[in-house]
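>>> Provided below are the primary sequence and the corresponding predicted coordinates.
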Number of protein chains: 2
Amino acid sequence: MFKIITTEKNARRGEFTTVHGTFQTPCFMNVGTAAAIKGGVSSIDLKDLKCQVELCNTYHLHVRPGNKIIREMGGLHKFMNWDRPILTDSGGFQVFSLAKLRKIKEEGVYFNSHVDGRKIFMGPEESMQIQSDLGSTIAMAFDECVENPAEHEYSKRSCERTTRWLYRCKEEMERLNSLHDTINPHQMLFGINQGCTYDDLRVKHMEEIAKLDLDGYAIGGLAVGEPTDVMYHILDVVIPVAPVDKIHYLMGVGTPSNIIEAVARGVDLFDCVMPSRNARHATIFTWNGIMHATNKAYETDPRPLDPECDCPTCKNFSRSYIRHLFKAEEQLAGRLAVTHNLYFYNTLMERIRENIEKGTFGTFRAKYSPLLASKASI
Amino acid sequence: MFKIITTEKNARRGEFTTVHGTFQTPCFMNVGTAAAIKGGVSSIDLKDLKCQVELCNTYHLHVRPGNKIIREMGGLHKFMNWDRPILTDSGGFQVFSLAKLRKIKEEGVYFNSHVDGRKIFMGPEESMQIQSDLGSTIAMAFDECVENPAEHEYSKRSCERTTRWLYRCKEEMERLNSLHDTINPHQMLFGINQGCTYDDLRVKHMEEIAKLDLDGYAIGGLAVGEPTDVMYHILDVVIPVAPVDKIHYLMGVGTPSNIIEAVARGVDLFDCVMPSRNARHATIFTWNGIMHATNKAYETDPRPLDPECDCPTCKNFSRSYIRHLFKAEEQLAGRLAVTHNLYFYNTLMERIRENIEKGTFGTFRAKYSPLLASKASI
C-alpha cells in the first residue's frame, strides 16, 4: 500500500506498507544480487547502514543455489536473515544481458545458464513461481528488456508481448498466493514499463499496464547506455501517465545526481549496483563529490573518507588506512568502502525525504545535483 | 610483566601486562599481517571475537605502506584503530621465506622485496627501528629462521649469529625507547630460540638468550615442515630451559590440537594464520571436529556451522546460506567463516584457561586434543 505524505512540485514523499514492514520513500534499495551484498557486508550490517529494502535477483538465485533450496529453507528472508522488505527482480533483465543463446518466443525465453551452460526456460509463470518460492515481499513482472538502440517496430511488438506476459504474471501470482503452502501469500506485483526511447511506445505501454491496478509501476530499459538527457526526457514523458497513487520505481538507476533528478520528476524507488561496485574499485561518494581512495594525496591523510559522514567506516578509519588496504589488496578495503557508499546512498535518500517534507527539495537539488556529480576537492 | 596465576602440571595460567592493557594466557594472537585481518574482518569486529592481541608483520608493513607512513599516522594502534596489545613479528621469518636473492652477512640480510623487487637491507637495528616506528606493544628480535632440514654445523653457526643479533636488538631497542619522540617508549622485546631440530643446539641457544633477561621468550623455526612429534619433542627439551617466570611463545602454531599439546608442555602464547587461511577455503573448526562448509550435505541444513558456538556467524546464519555464499564466491562467505574460526580459536584459549584454573586441563586435553583434530560428524 502506497501513501503519499506530501509533495513538492513533482517530487513525492511517501511510504509503502508491506507484510514485512513499511519503508519511507523516496527509497534506494540495496542490491544483494545472489542473496548477499558484494564486499562482505552482511544483512546484520545493513541495518546499521539505514537500508530499508534489499533487492535480490530471481535469475541468479534460480541458477544458484536454486529457488527450491531457498523455499525449503523458509524463503529468502530466513535464508539471508533479513526481516525487512525484499524486492526480487524478475530475471528478465539478466536473461537478456547475461544468458547465452537466448530464443524469445510467445511462451517465454529459452536460454543457457551463464554458470554451467545448462538449458533453462523462463516465462511469466516460471518467473512468478521462482519469486513465490523465494517469498520476496515484492515480485517484479517478467518483461523483455529491449536492447538500446532498437527498431521502433521491434520495440512495439516487444511491448505488446510484455503486456501479454504481465497479464499472465498477475494471474499466476494470484494462483500462487492462494496456495496453502505459499511462503508469502501477501506477495505484491509491480509491472514494468518498456518502449525503448520512443515516447509513443512508452506512453502507450504505461497506459496499457496501468489498467491492471498493480501494487507498483516500474520504468525499465533505461540507464542501459542512452544519454542521461534521453533518460530524463523519457521520465518527463512517462511518469505523468503512470498511476499517480502508485509507487514509481526507476530500475537500475543510478548516480546520486540521477536519483535527485528522477525524484524531481516523480520517482519514488531506485536500485543500482553503483555504490557497491564503485566502492570495490575505490570510488567513493561523499557530500563533497566523488573521490578515489587510492589517490596518493591520501597517503598520510588522517581524515575519514568523508568528514561529513558518520558511517561505521568514517567513524573508525582514516583515508590513510583505507588507501593502504586498497594498495595491499586486503578484502577489508572493499568492505569498508561498500559500507560507506551504501550508507551514503541511504543517507542521501533520507536527506531527500527531509527536504521534500520541509519544502526545500528544490534548493537541495540545485546544490547537490551538480555537486555530487563533481570531483571532490582534496 | 608476566605473572603466573596457577599451574596444572606443566600447563600455566597467567597474565601479561603491557602499556596497552593486560592479556590472559594461554593466549592465541590473531594475525593481521598487513595491518588487517584477512577476509574483511575489521579491528572493530575483533573485539566481538574475544581477540586479546593482534599480530602484525614488520616485513610486510616495511614494504607497504612503509613504516615511516605508519609512524607519521601515530603508529600501528592508531592506524588500524586497535587499542589492545599488538605484537610485531621481526621480519626475519619473511625475509627467509618470501624474499628473493637473499644474502646473509654478519651485519644482516640483503634481499629483494617480494612486491616490487627493490633491494632492501635488514639487520637487527633496522628491524628494531621499523618496529619502533610501528609502535607495537611487543617487538620480536631479528633472527635467522634456518630452513628445515639443515646441517648441524650450519645451524650452530646460525644460532650463534642470532644470539649476537639479539644483543644488538636489545641495545638498539633501549636506545630507541629512550628517544623523546618514540611512539611507544615502553616497547617490549622477546627473544627467539632457534636450533632447528637439534636438541643440543636448542638447549644451548635457549641458555644463551635466557641470560639477557628479556620480556619474553619465543620458540621459532618450528611448524616449518617437521613431523608433529618432532615439534613436541623439541618443546619437551627446550621449555624446561626457558626462564620459568617469563612468557613462552610458540611461533606460527598451529592446529587446535597442537595448541592444546603445547600448552600441556608449558607454552603460553601462540599465533597462526590457520584459522583465517583455512576459513577462506571453507575449512571450519568446530567443537565436534573439522568440517568443510561446501559439503553437499549442508545444502539445506538450517543449523549454524557449529551448534555449540555463539559467534556472530553462528548466531545469525545457517550452513545452507554459508555453503551457498562459498559456491557463489561471495566475499561474505570468507568473512563469516573467518569470523567463526577466529572466535573458535579465541574461545578455545578461554576454555583452556578455565580448565587450568579448575585443575581439569588434563581431562580437557584427553577429550579435545584428538576430537578437534578429527573430521566432524555431519
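Everything's here; your move. Nothing here was measured: the structure is a model prediction, and the numbers come from that model. Residues are numbered from 1 along each chain as shown, chains lettered A, B, ... in the order given.
>>> tell me the contacts of the residue of the stretch 51-200 of chain A found nearest chain B?
Evaluated by Cβ to the nearest Cβ, the stretch 51-200 of chain A has residue A:65 as its residue closest to chain B, separated by 4.3 Å. Yep, even glycine has a C-beta here, placed from its N, CA and C like the rest. Under the criterion of Cβ atoms under 8 Å, 6 or more residues apart in numbering or on different chains, the neighbours of residue A:65 are B:299, B:320, B:323-324, B:327-328.
>>> what helix or strand does it sit in?
For residue A:65, there is no enclosing helix or strand under DSSP states H and E.
>>> tell me what the most centrally placed residue in chain A is bridged to.
Central residue of chain A (Cα atoms, centre = their mean): residue A:271, 2.0 Å from the mean position. When bridges are called by DSSP bridges, residue A:271 pairs up with residue A:29.
>>> that one against residue A:259, yeah?
No. If you go by Cβ atoms under 8 Å, residue A:271 and residue A:259 don't touch, sitting 10.5 Å apart.
>>> helices of the stretch 1-150 of chain A, start to end?
Ranges of helices in the stretch 1-150 of chain A, per DSSP state H, counting those that start in this stretch, are A:43-48, A:58-63, A:67-72, A:76-80, A:92-97, A:124-134.
>>> and the residue nearest to residue A:101 when sequence neighbours are not counted, how many residues sit next to it?
In space, residue A:101 comes closest to residue A:112 once its chain neighbours are excluded; the distance is 5.1 Å by Cβ to Cβ, 6 or more residues apart in numbering or on different chains. If you count neighbours by other Cβ atoms under 10 Å in any protein chain shown, residue A:112 ends up with 14.
>>> let me know whether residue A:112 touches residue A:119 as I believe.
Yes. With contact defined as Cβ under 8 Å, residue A:112 and residue A:119 form a contacting pair (5.9 Å).
>>> check what pLDDT the nearest residue in space to residue A:267 that is not next to it in sequence gets.
Leaving aside its chain neighbours, residue A:267 sits nearest to residue A:250 (4.5 Å; criterion: Cβ to Cβ, 6+ apart). For residue A:250, the pLDDT comes out at 98.
>>> report the separation between residue A:250 and chain B.
27 Å (Cβ to the nearest Cβ, to the nearest Å).
>>> ditto for residue A:213
According to Cβ to the nearest Cβ, residue A:213 stands 36 Å off from chain B.
>>> using the three-state scheme, assign that residue.
Using DSSP: H, G, I helix; E, B strand; the rest coil, the structure places residue A:213 in coil.
>>> returning to that earlier point: want to throw the helices of the stretch 1-150 of chain A into a markdown table with distance to chain B and mean neighbour count?
As requested, the helices of the stretch 1-150 of chain A are exported to a markdown table (distance: least, Cβ to the nearest Cβ, whole Å; neighbours: other Cβ atoms under 10 Å in any protein chain shown):
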| stretch | distance to chain B | mean neighbour count |
| --- | --- | --- |
| helix A:43-48 | 6 | 18 |
| helix A:58-63 | 8 | 25 |
| helix A:67-72 | 5 | 19 |
| helix A:76-80 | 6 | 24 |
| helix A:92-97 | 14 | 21 |
| helix A:124-134 | 13 | 25 |
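>>> least reliable of those by average pLDDT, please.
Lowest mean pLDDT within the helices of the stretch 1-150 of chain A: helix A:92-97, a mean of 82.
>>> for chain A, longest helix please?
Ranked by residue count and defined by DSSP state H, the top helix of chain A is helix A:331-358.
>>> quick one, that helix and helix B:331-358 angle?
With axes from the mean of the first three to the mean of the last three Cα atoms, to 10 degrees defining the directions, helix A:331-358 sits at 110 degrees from helix B:331-358.
>>> list the buried residues in helix A:331-358.
Buried positions in helix A:331-358, judged by neighbour count with 16 or more other Cβ atoms under 10 Å in any protein chain shown: A:331-350, A:352-353, A:355-356.
>>> ok, and of these, which contact chain B?
Subset of the buried residues of helix A:331-358 in contact with chain B: A:331-332, A:334-336, counting by Cβ under 8 Å from any Cβ of the partner chain.
>>> re the thing from before, can you pull the contacts of the residue nearest to residue A:267?
Counting by Cβ under 8 Å, 6+ apart, residue A:250 makes contact with A:218-219, A:222, A:235, A:262, A:267, A:269-270.
>>> against residue B:328, how distant is the residue nearest to the centre of chain A?
From residue A:271 across to residue B:328, the span is 19 Å (Cβ to Cβ, to the nearest Å).
>>> kindly report the same for residue A:221.
Distance from residue A:221 to residue B:328, counting by Cβ to Cβ: 27 Å.
>>> looking at those two, which is more packed in?
More crowded of residue A:221 and residue B:328, by other Cβ under 10 Å: residue A:221, with 31 against 19.
>>> quick check, pLDDT for that one.
With respect to pLDDT, residue A:221 scores 94.
>>> so it sits right up against residue A:150, yeah?
No. In this structure residue A:221 lies outside contact range of residue A:150 using Cβ under 8 Å: 9.1 Å.
>>> got any residues that touch both of the two?
Common neighbours of residue A:221 and residue A:150 (Cβ under 8 Å, 6+ apart) are residue A:196.
>>> who's in contact with the residue lying closest to residue A:97 once chain neighbours are set aside?
Leaving aside its chain neighbours, residue A:97 sits nearest to residue A:145 (7.4 Å; criterion: Cβ to Cβ, 6+ apart). By Cβ under 8 Å, 6+ apart, the residues touching residue A:145 are A:92-93, A:96-97, A:194, A:220-221, A:224.
>>> could you identify the most distant pair in the residues you listed?
Using Cβ to Cβ, these span at most 14.3 Å, a distance reached by A:97 and A:194.
>>> could I get the average pLDDT for stretch A:180-197?
When pLDDT is averaged over stretch A:180-197, the result is 98.
>>> does any bit of it sit next to chain B?
No. With Cβ under 8 Å from any Cβ as the criterion, chain B is not reached by stretch A:180-197; the gap is at least 14.6 Å.
>>> report the buried residues of that stretch.
So for stretch A:180-197, counting by 16+ other Cβ under 10 Å, buried means A:182-184, A:187-197.
>>> tell me which stretches of the stretch 251-378 of chain A form strands.
If you assign secondary structure with DSSP state E, counting those that start in this stretch, the strands in the stretch 251-378 of chain A sit at A:269-271, A:283-286, A:289-292.
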